[in-house]
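>>> Next one to model:
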Amino acid sequence: MNLERLQRSIGYRFKQPELLIQALTHRSHGERHYERLEFLGDSVLNCVIAAELYDRFNGLKEGELSRLRANLVRQESLHAVAQTLKLGQCLRLGEGELKSGGATRPSILADALEALLGAVFLDGGFTESQTVVRHLYGAMLAELDPNPGKDPKTLLQELLQAKRIALPKYTVTTINGAAHSQSFEVECLILELSVRTTGTGASRRAAEQEAARSAYEALRK
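This next block holds a predicted model:
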């Protein structure tokens with residue numbers, strides 16, 4: 001567990017190393033684990049990202065800002081940041097979690113990143129945690145499109161509503177792979193139009209979006 005490397009990567013050095021160690025400790029490893037820090041870090045992250053978006057996009061309405069924030073603080077984004085930090089190499093996991101691939105599981109890495117931010121907040125205060133979040137999310141914020149197109153599920157829903165047709169039903173048909181690297185297959189069924197499509201993805205949400213994309217494209221032909 002290279003704590004020196006991790007502290008250099010986040011741009012912050014802990015005055016209380018025990019907080020850093022707690023932030024990296026899964027509940028399977030010991031009683032002093034990261035869950036309370038995760039709760040705190042989640043709030044810190046949401047606050048900092050909200051402030052950043054408010055400052056950067058002064059022409060956006062509340063709902064649009066909320067959508068952008070939700071995309072930045074969701075598990076997929078947290079997992080991506082955690083991977084750049086190689087956070088999995090620093091985690092303290094119980095033997096069972098180690099064997100089942102917990103060090104690469106997106107949910108654990110996302111939770112640990114939030115815990116790390118909570119630990120920075122307790123150790124150095126809000127300004128320091130704000131600096132760390134800005135550093136970790138710099139690339140994402142710089143590349144952020146404030147006016148992205150609508151996602152496939154929304155487009156499909158609007159198309160069906162315009163035709164007064166019942167909304168599609170999404171069903172998970174297959175789950176493949178180990179717990180830390182699962183692949184989902186989802187069916188999208190529009191019964192009234194006899195349209196049935198499938199989509200695959202690393203999460204149920206991603207698979208649903210892919211199935212919806214295929215259905216939308218089929219109906220637009």
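>>> Which positions within the helix or strand of the chain with the lowest mean pLDDT qualify as buried?
Lowest on mean pLDDT, DSSP states H and E among the helices and strands of the chain sits helix 95-99, with a mean of 84. For helix 95-99, burial by neighbour count (16 or more other Cβ atoms under 10 Å) applies to residue 97. C-beta: built from backbone N, CA, C; applies to glycine.
>>> Packing partners of it?
Contact partners of helix 95-99 among helices and strands, from 3 or more Cβ pairs under 8 Å, 6 or more residues apart in numbering; DSSP states H and E: none.
>>> can you pull the contacts of the residue minimising distance to the centre of the chain?
For the chain, residue 75 is the residue whose C-alpha lies nearest the centre (Cα atoms, centre = their mean; 1.8 Å). If a contact means Cβ atoms under 8 Å, 6 or more residues apart in numbering, then residue 75 has 106, 107, 110 as its contacts.
>>> Going through the residues you listed, which ones are buried?
106, 110.
>>> Can you list which of the contacts of residue 75 are found in helices?
Counting by DSSP state H, those place 106, 107, 110 in helices.
>>> which one of those residues is nearest residue 207?
residue 106 (14.8 Å; Cβ to Cβ).
>>> Can you tell me how far the closest one is from residue 121?
For residue 106, the distance to residue 121 (Cβ to Cβ, to the nearest Å) stands at 23 Å.
>>> again with residue 140
Taking Cβ to Cβ, one finds residue 140 at 20 Å from residue 121.
>>> For this protein, which segments count as strands?
Ranges of strands in the chain, per DSSP state E, are 169-176, 183-190, 195-201.
>>> Select, out of those strands, the one closest to residue 144.
strand 195-201 (22.1 Å).
>>> who touches the least confident helix or strand of the chain?
Residues outside helix 95-99 that contact it (Cβ under 8 Å, 6+ apart): 26, 28, 29, 103, 108.
>>> quick one, what contacts the closest residue to residue 182 other than its chain neighbours?
The shortest distance from residue 182 to any non-neighbouring residue, by Cβ to Cβ, 6 or more residues apart in numbering, is to residue 175 (5.8 Å). Residue 175 is in contact with 182, 183, 184, 185, counting by Cβ under 8 Å, 6+ apart.
>>> which of those has the most neighbours?
The most crowded member of the contacts of residue 175, judged by other Cβ atoms under 10 Å, is residue 184 (21 neighbours).
>>> Give me the distance between that residue and residue 211.
Using Cβ to Cβ, residue 184 is found at 10 Å from residue 211.
>>> Then residue 76?
In terms of Cβ to Cβ, residue 76 sits 18 Å off from residue 211.
>>> neighbour count winner among those two?
residue 211 (28 against 13).
>>> check contacts around that one.
Residue 211 neighbours (Cβ under 8 Å, 6+ apart): 170, 186, 187, 188, 197, 198, 199.
>>> For stretch 202-217, buried residues please.
Result for stretch 202-217 [16+ other Cβ under 10 Å]: buried residues 205, 206, 207, 208, 209, 210, 211, 212, 213, 214, 215, 216.
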